[in-house]
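In: quick check, what structure comes out for this input:
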Amino acid sequence: MSVTKHITIDVADFNVLRITCAACQTSFVIPIIPDYQPPQRCPNPGCLATWFVPKSPSALTVEHYVTGFAKLRETMNDMPVRVSASD
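Out: Purely as a prediction, here's the structure:
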């Protein structure tokens, strides 16, 4: 018999996302805020790998995800439903 475990997190509990550099494994915390701009380079001075080229598809995707999530959190009190994420 297999067992499946699910984790559900209320959207209001999301404050940050963590990204990790593929080149050096440095972690960086992305705040869930409106008008977010993804970092162009790894913050590790010994690495400085390019992460997100401004206006590139990947940068725009991260920007839209973070700012959209921030707007969702701001409007949750006005919504007649509860929003959560699950794995």
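In: which pLDDT value belongs to the residue nearest the centre of the chain?
Out: Centroid-nearest residue in the chain, with CA atoms, centre = their mean: L17, separated by 3.9 Å. pLDDT, L17: 85.
In: quickly list what it is bridged to.
Out: Beta-bridge partners recorded for L17 (DSSP bridges): I30.
In: quick one, what contacts it?
Out: When contacts are counted by CB atoms under 8 Å, 6 or more residues apart in numbering, L17 touches 29-30, 32, 66. Where you see a C-beta, it was placed from the backbone N, CA and C, and this is true even at glycine.
In: so how far is I32 from it?
Out: 7 Å (CB to CB, to the nearest Å).
In: shared neighbours of the two, anything?
Out: With CB under 8 Å, 6+ apart as the test, L17 and I32 both reach V66.
In: now do stretch 47-61: distance to the chain's middle.
Out: 14 Å (CA atoms, centre = their mean, to the nearest Å).
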